[in-house]
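Trainee: fold the following for me, if possible:
(one chain, ligands or ions: 1)
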Amino acid sequence: MRKRKVFLAKGADQVHEMFDWKDAWEKDNAVWHMDGVNSTLEKHLDKITGKENKAKLFFPLCGKTLDMLHLSKMGHEVVGVEFSELAVRQFFEENSVPCTASSVSSMEGMLYKNDDYRIRIYCGDFFKFGSHLEKDFDGVWDRGALEAIEPKMRKTYIDIMKSILKPGAGYILDTADRPIGIGPPFFISVDEIVEHFGLKSQPEQIDYEIAEPDLQAMGCAGLFFYYFLMP
Ligand SMILES: C[S@@+](CC[C@H](N)C(=O)[O-])C[C@H]1O[C@@H](n2cnc3c(N)ncnc32)[C@H](O)[C@@H]1O
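Mentor: Reported below is the predicted structural model:
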């Protein structure tokens with residue numbers, strides 16, 4: 001699979017360095033990965049499940065987040081997209097979840113799924129994912145995802161989201177509290193969220209997390225969490 005590269009800035013006034021996600025996974029340097037379930041997700045879970053016991057939830061650029069495991073155990077159906085095969089394999093292996101893999105030619109990738117099909121992770125480029133593979137999601141946990149991609153790709157990313165989410169789907173999105181244009185993770189303005197998602201009103205800021213020290217060292221003070229319903 002082709003390597004995608006994006007920019008990582010160490011600080012607002014430092015020179016951009018090339019950042020390679022797969023390399024970070026291979027060097028065991030996935031600093032964004034959390035050892036437990038994200039407490040902000042737990043706090044606001046109803047907003048993306050719509051209080052349903054069996055919601056279909058989307059995890060774009062999912063890494064090996066334990067949030068997927070947690071929600072699948074609650075009875076929800078979880079679908080992730082991640083282009084590091086190492087991360088996807090580690091997700092299933094480290095959590096002792098048996099899985100099978102099959103090729104997904106339209107994405108030039110693979111689909112890893114557990115036995116009851118409740119956890120499905122598409123291993124490949126998000127920009128080749130879409131409604132031809134999965135649709136009708138009830139909610140999205142967009143943590144470290146839209147903010148992780150190059151700003152010029154935001155519209156394309158959001159167009160994919162629009163095509164796979166149900167109208168009224170709950171969307172939680174985080175964006176970095178740092179100067180514009182530096183990242184990943186990048187700052188995304190409220191106006192941009194409103195414009196690209198076609199919202200009638202501003203998204204609600206539901207939380208703010210103070211950044212961990214490694215993120216602070218990169219010039220990011222924290223993470224804003226926004227919530228809105230898909231039009
Ligand atoms: C900041 S991490 C966030 C991971 C996860 N959402 C979490 O909360 O732990 C971003 C992830 O996106 C993956 N990624 C970056 N660009 C991608 C792309 N175009 N398609 C699929 N995955 C991508 C990286 O490998 C990395 O695991």
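Trainee: give me the longest strand you can find in this protein.
Mentor: Counting by DSSP state E, the longest strand found in the chain is strand 165-177.
Trainee: OK, contacts around the nearest residue to Arg143 once chain neighbours are set aside?
Mentor: Excluding the flanking residues, the one nearest Arg143 by CB to CB, 6 or more residues apart in numbering is Asp174, at 5.2 Å. Every residue, glycine included, has its C-beta placed from N, CA and C. Residues near Asp174 by CB atoms under 8 Å, 6 or more residues apart in numbering: 142-144, 147, 185, 209, 223-226.
Trainee: hmm, try it at 6 Å
Mentor: Each residue near Asp174 by CB atoms under 6 Å, 6 or more residues apart in numbering is listed here: 143, 223, 225.
Trainee: list just the nearest of these to the ligand.
Mentor: Arg143 (4.3 Å; CB to the nearest ligand atom).
Trainee: poorly predicted segments of the protein, please.
Mentor: Applying pLDDT under 70 to the chain flags the ranges 1-19.
Trainee: tell me where it has helices.
Mentor: Along the chain, the segments classed as helices by DSSP state H run 21-26, 39-49, 66-73, 85-94, 154-164, 190-197, 213-216.
Trainee: partners of the residue lying closest to Ile210 once chain neighbours are set aside in the sheet?
Mentor: Using CB to CB, 6+ apart and skipping residues adjacent in sequence, the residue nearest Ile210 is Gly222, 4.9 Å away. On the basis of DSSP bridges, Gly222 is bridged to Asp177, Ile210.
Trainee: and the helices of the chain, which is most packed in?
Mentor: Mean neighbours per residue, mean count of other CB atoms under 10 Å, is largest over the helices of the chain for helix 66-73, with a mean of 20.
Trainee: anything in that helix near the ligand?
Mentor: No. Applying CB under 6 Å from any ligand atom, one finds helix 66-73 separated from the ligand by no less than 6.9 Å.
Trainee: convert the C-alpha atoms of stretch 33-42 to PDB, please.
Mentor: Presented in PDB, the C-alpha positions along stretch 33-42 are these (Å, rounded to 0.1, in the frame of the first residue of the first chain):
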ATOM      1  CA  HIS A  33      -3.500   5.900  21.300                       C
ATOM      2  CA  MET A  34      -5.200   5.600  24.700                       C
ATOM      3  CA  ASP A  35      -4.900   2.600  27.000                       C
ATOM      4  CA  GLY A  36      -8.500   2.800  28.100                       C
ATOM      5  CA  VAL A  37     -11.900   4.000  26.900                       C
ATOM      6  CA  ASN A  38     -12.100   7.700  26.200                       C
ATOM      7  CA  SER A  39     -13.900   9.300  29.100                       C
ATOM      8  CA  THR A  40     -15.200  12.200  26.900                       C
ATOM      9  CA  LEU A  41     -16.900   9.500  24.700                       C
ATOM     10  CA  GLU A  42     -18.400   7.800  27.700                       C
END
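Trainee: many thanks, I have nothing further to ask.
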